[in-house]
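Trainee: got a sequence here, can you model it:
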Amino acid sequence: MPGMFHGSRVRVAAMTARNIVSHRSPFLLTFDEWHRRRSEESLQLGRRTRRGEEGAAMLRHLILGLLREGGAKHGYAVMKEIRDRAGLQVSIGNVYRELKRLEGEGLVRSVMNAAGEDPRRAPFESTPRGVSVFDDWITSAPMKALPDYRDEFCIRAIFIESIDKTAARTLLDRWREELDMHSKALERCWERALAQRSSKSAFTTLPFFLARRIKHVAAELAFVEELRSLHEGRARQTAEPSPRRPVGRGSRSQRATQAARC
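Mentor: Numbers count the residues shown, from 1 in each chain. Here you go, the predicted model:
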């Protein structure tokens, strides 16, 4: 179906390449933007409940783990620890909404603020039930050990052969450029995290998380390169003229027609 998509649709695809690629790199997004995109995607693909719960469960267990590990904390302290240790920027509104939800379930409870502390920043601590829920979760097998590649980036790649060849080449170049930019940005974050870890005595897993994401982006880059090679190979095949049939004596019916004319 060559030429299936033309004009504005191809331009839109190229313009949204940044969004597609950044979707694969949650560290470069806020947690809230990443969660919003996951929810939109699940609605489009008919999996809203399962996908929508993934982001909520992620924040839920982050908060329960931080409160279990470090004692009572207010929302701003939780938000800062999530940023520093997991590399995710969560809005303070989402943190406090989740804390209130956990409080309603009896998993955390608010405690008295220390003297001299900002009264607007009420601390929360984990309840025994909250500790039990977190311990059960951390010792259980992950529900989804491997990433889900049913994303918009993959779906667009399916139709790369259906768009104009020049536009497809431009789009693949853009994807490669954006992935390369993300890789370099992650490497800079990784270097800063290493420097901060060496200057502190406390152990932090952030450099390991960033290194893992760098590897994921490298895999995406390799995928785009392979897709580009495949696309260029097919383009060369379709551009080559088909060999002409050798000039012969013709078929029996053609010879009979010629003889009749004589």
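
Trainee: please parse the chain into its domains.
Mentor: Here the chain is described, according to automatic domain parsing, as comprising the domains 1-24+151-237, 28-138.

Trainee: can you list the weak-confidence ranges in the stretch 151-262 of the chain?
Mentor: When residues are selected by pLDDT under 70, those of the stretch 151-262 of the chain lie in 151-152, 155, 199-203, 239-262.

Trainee: show me the helices in it, by range?
Mentor: Under the criterion DSSP state H, counting those that start in this stretch, the stretch 151-262 of the chain carries helices at the ranges 152-158, 165-198, 206-239, 252-261.

Trainee: output the domains of the chain as a markdown table; include the columns mean neighbour count.
Mentor: For every residue, glycine as well, the C-beta is placed using N, CA and C. Supplementary listing: the domains of the chain in a markdown table, determined by neighbours: other C-beta atoms under 10 Å:
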| stretch | mean neighbour count |
| --- | --- |
| domain 1-24+151-237 | 15 |
| domain 28-138 | 16 |
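
Trainee: name the nearest residue to Phe223, ignoring sequence neighbours.
Mentor: Here the nearest residue to Phe223 in space, its sequence neighbours aside, is Ala157; by C-beta to C-beta, 6 or more residues apart in numbering that works out to 8.0 Å.

Trainee: I'd say that neighbour and Leu227 touch.
Mentor: Yes - shown here, Ala157 and Leu227 form a contact pair, counting by C-beta atoms under 8 Å, at 6.0 Å.

Trainee: could the helices of the stretch 151-262 of the chain go into JSON lines alongside distance to Phe124?
Mentor: JSON lines is the format used below for the helices of the stretch 151-262 of the chain (distance: least, C-beta to C-beta, whole Å):
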{"stretch": "helix 152-158", "distance to Phe124": "37"}
{"stretch": "helix 165-198", "distance to Phe124": "27"}
{"stretch": "helix 206-239", "distance to Phe124": "23"}
{"stretch": "helix 252-261", "distance to Phe124": "92"}
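
Trainee: and these: which comes nearest Leu88?
Mentor: With respect to Leu88, and counting by C-beta to C-beta, the nearest of the helices of the stretch 151-262 of the chain is helix 206-239 at 9.3 Å.

Trainee: compute the inter-axis angle for the closest one and helix 165-198.
Mentor: 170 degrees (axes from the mean of the first three to the mean of the last three C-alpha atoms, to 10 degrees).

Trainee: so which elements touch helix 206-239?
Mentor: Packed against helix 206-239 by the contact rule (3 or more C-beta pairs under 8 Å, 6 or more residues apart in numbering; DSSP states H and E) you find helix 75-86, helix 152-158, helix 165-198.

Trainee: export these as JSON lines, with columns for distance to Gly116.
Mentor: JSON lines is the format used below for the helices and strands packed on helix 206-239 (distance: least, C-beta to C-beta, whole Å):
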{"stretch": "helix 75-86", "distance to Gly116": "16"}
{"stretch": "helix 152-158", "distance to Gly116": "50"}
{"stretch": "helix 165-198", "distance to Gly116": "29"}
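
Trainee: out of those, which gets nearest to Ala115?
Mentor: helix 75-86 (17.3 Å).

Trainee: which one, of the helices of the stretch 151-262 of the chain, ends up nearest to Arg101?
Mentor: With C-beta to C-beta as the measure, helix 206-239 is the member of those nearest Arg101 (25.3 Å).
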